[in-house]
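Peer 1: A predicted structure for the sequence below; I have some questions about it.
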Amino acid sequence: MRRILLILPVVIFAVLIGVLAVLTLQTKDGRDPSLIPSALLGKPAPEFSLPAVAEDIPGGFATADLRGRVTMVNVFASWCVPCLAEHPLISRLAADGLPIYAIDHRDTAVDVAKWLKKNGNPYTAVGFDPDGRVSVEWGVTGVPETFIINADGVVIYKHSGLMTAKVLKDKILPKIREARE
Amino acid sequence: MRRFLAVSMILTAFAMAALVSGTLALAVEPDEMLDDPALEARARELSKVLRCVVCQNQSIDDSAADIARDMRLLVRERLVAGDTDSQTIDHMVARYGDYVLLRPPFQTNTLALWVGPPLMAVVVATLALLFFRVYQREQGARTGPEPLTPTDRAQLDALVEKLAADPGRPRRKSSLRAEIDHPFGAREGDSGESDNRTT
């Protein structure tokens, strides 16, 4: 009895350190404790309707446009640096035939038109959300954010922050493949 | 003296500025506010329990972040549309999850959060008590005198008889017995010392 009592605190401490170590090591595999899990996962995409940025930029889309096939929704802004960094990946995905819808978050029409002209516009449609109102409907906490929507219009995946080639290969592409089956 | 006065005046000015800014500096901007004071008051109360999702430890009522402003506007929009307080909260939870609530709900996945701390307190208190008991028992075993065996008793009695009968330096039996029973400090009144002085 006495020996157990003496060992117990050491055991509790060791377990605690073990749990914390595992959680810490997981951050190396991309676990970010500051990220909020999306409340939308497994739920239909929110009801919304967005206008186009300008006449010469294909855009303006609503909830109904996200049905019938697997799509991606990318929240971006011309002032957002990681958005620029992930733009080549987005462009390649679009070139491979994935319809990608963009929500232009808290931006000005002039800035985003310039940005798209300079960096290319791979998007099926760009919706203009200057006051972030629709972004709130999507539970967006920052840009960039990327959602995968299945053919039934249900949100099946959300990635917050920069989409790297590794994230794309390990997380996003498998989800798209799975959703297409 | 003059320098002290100047310093204290500056400090007072700072304190007053802090006080004023503390009461007046609100994240809520005038253009967000609703015309109906009752609705605005409800919106303010709701804003205090909703978490700003990028600041994480501030309510949307406190936060100056863009997204907090968007969320405040959504709260007001729902209230104007006729939602009750709980409907408005549910609306936010549907978009941002339970995370948006500064006070997490009591449910299975938050059980550890709510029950954990009191449970740990009980565990620690129990352990502390057990340790204390064991410690006390060990201390008692280490320093307490071994009880006298009947043989010891008999030997001591013989010694008391012998000393009491010593013609050169006679001592009272009661004081000798007291010394045996309280070896480290005899009680007042029956100590050998006072006996020695009287004889």
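Peer 2: Great, that's in hand. Residues are numbered from 1 along each chain as shown, chains lettered A, B, ... in the order given.
Peer 1: hmm, stretch A:52-64 in reach of chain B?
Peer 2: No. Using Cβ under 8 Å from any Cβ of the partner chain, we find that stretch A:52-64 stays clear of chain B, coming within 14.3 Å at best. Yep, even glycine has a C-beta here, placed from its N, CA and C like the rest.
Peer 1: Show residues contacting that stretch.
Peer 2: Stretch A:52-64 has contacts (Cβ atoms under 8 Å, 6 or more residues apart in numbering or on different chains) with A:44-51, A:101-102, A:104, A:109, A:112-113, A:116, A:121, A:123-128, A:153.
Peer 1: can you list the residues of chain A near chain B?
Peer 2: So far as Cβ under 8 Å from any Cβ goes, chain A lies against chain B at A:2, A:5, A:8-9, A:34, A:36-40, A:43, A:46, A:106, A:131-133, A:135-142.
Peer 1: Once you drop chain neighbours, what's closest to the one residue in chain A that gets nearest to chain B?
Peer 2: When scored by Cβ to the nearest Cβ, chain A has A:Ala39 as its residue closest to chain B, at 3.5 Å. Of all residues not flanking A:Ala39 in the chain, B:Gly97 sits nearest, at 3.5 Å (Cβ to Cβ, 6 or more residues apart in numbering or on different chains).
Peer 1: does residue 171 count as helix, strand or coil?
Peer 2: You didn't say which chain, so I picked chain A. Assigned with DSSP: H, G, I helix; E, B strand; the rest coil, A:Lys171 falls in the helix class.
Peer 1: Actually, chain B is the one I wanted.
Peer 2: Relying on three-state DSSP, one would call B:Arg171 coil.
Peer 1: For burial, what's the neighbour tally of it?
Peer 2: Number of residues near B:Arg171 (other Cβ atoms under 10 Å in any protein chain shown) recorded here: 17.
Peer 1: what are the ranges of the strands in chain A?
Peer 2: For chain A, the strands defined by DSSP state E cover A:49-50, A:61-62, A:71-76, A:100-105, A:125-129, A:145-149, A:155-160.
Peer 1: Need the winner for burial among the ones you listed.
Peer 2: strand A:100-105 (a mean of 27; mean count of other Cβ atoms under 10 Å in any protein chain shown).
Peer 1: Next, the contact list for the closest residue to A:Thr164 other than its chain neighbours, please.
Peer 2: Once flanking residues are discounted, A:Thr164 sits nearest to A:Glu86: 7.5 Å by Cβ to Cβ, 6+ apart. Contact partners of A:Glu86, counting by Cβ under 8 Å, 6+ apart, are A:Pro144, A:Leu162, A:Met163, A:Thr164.
Peer 1: Counting neighbours, which of those residues end up buried?
Peer 2: A:Pro144, A:Leu162, A:Met163, A:Thr164 (16 or more other Cβ atoms under 10 Å in any protein chain shown).
Peer 1: from these, which is closest to B:Ile60?
Peer 2: Within these, the smallest distance to B:Ile60 is 22.5 Å, found for A:Pro144 (Cβ to Cβ).
Peer 1: so what's the closest one closest to, chain neighbours aside?
Peer 2: Closest to A:Pro144 by Cβ to Cβ, 6+ apart is A:Cys83, at 4.6 Å.
Peer 1: Relative to A:Thr141, how far out is the residue of chain B found nearest chain A?
Peer 2: Relative to chain A, the nearest point of chain B is B:Gly97 (3.5 Å; Cβ to the nearest Cβ). Noted for B:Gly97: a distance of 11 Å to A:Thr141, by Cβ to Cβ, to the nearest Å.
Peer 1: Same check on A:Leu84?
Peer 2: A:Leu84 is 19 Å from A:Thr141, by Cβ to Cβ.
Peer 1: quick one, which of these two is more surrounded?
Peer 2: Higher neighbour count among A:Leu84 and A:Thr141: A:Thr141, with 23 against 16, using other Cβ under 10 Å.
Peer 1: give me the number of residues near the nearest residue to the more buried one once chain neighbours are set aside?
Peer 2: Nearest-residue entry for A:Thr141: B:Val53, 4.5 Å, with adjacent residues in sequence omitted and distances by Cβ to Cβ, 6+ apart. Neighbour count of B:Val53, defined by other Cβ under 10 Å: 25.
Peer 1: quick check, the longest helix along chain B touching chain A?
Peer 2: Scanning chain B for the longest helix, with DSSP state H as the assignment, gives helix B:111-143. Yes. Counting by Cβ under 8 Å from any Cβ, chain A has neighbours in helix B:111-143: B:Leu127, B:Leu130, B:Phe131, B:Val134.
Peer 1: how about these in a markdown table, adding neighbour count and pLDDT?
Peer 2: What follows is the residues of helix B:111-143 next to chain A, written out as a markdown table (neighbours: other Cβ atoms under 10 Å in any protein chain shown; pLDDT from 0 to 100):
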| residue | neighbour count | pLDDT |
| --- | --- | --- |
| B:Leu127 | 14 | 87 |
| B:Leu130 | 15 | 88 |
| B:Phe131 | 15 | 85 |
| B:Val134 | 14 | 83 |
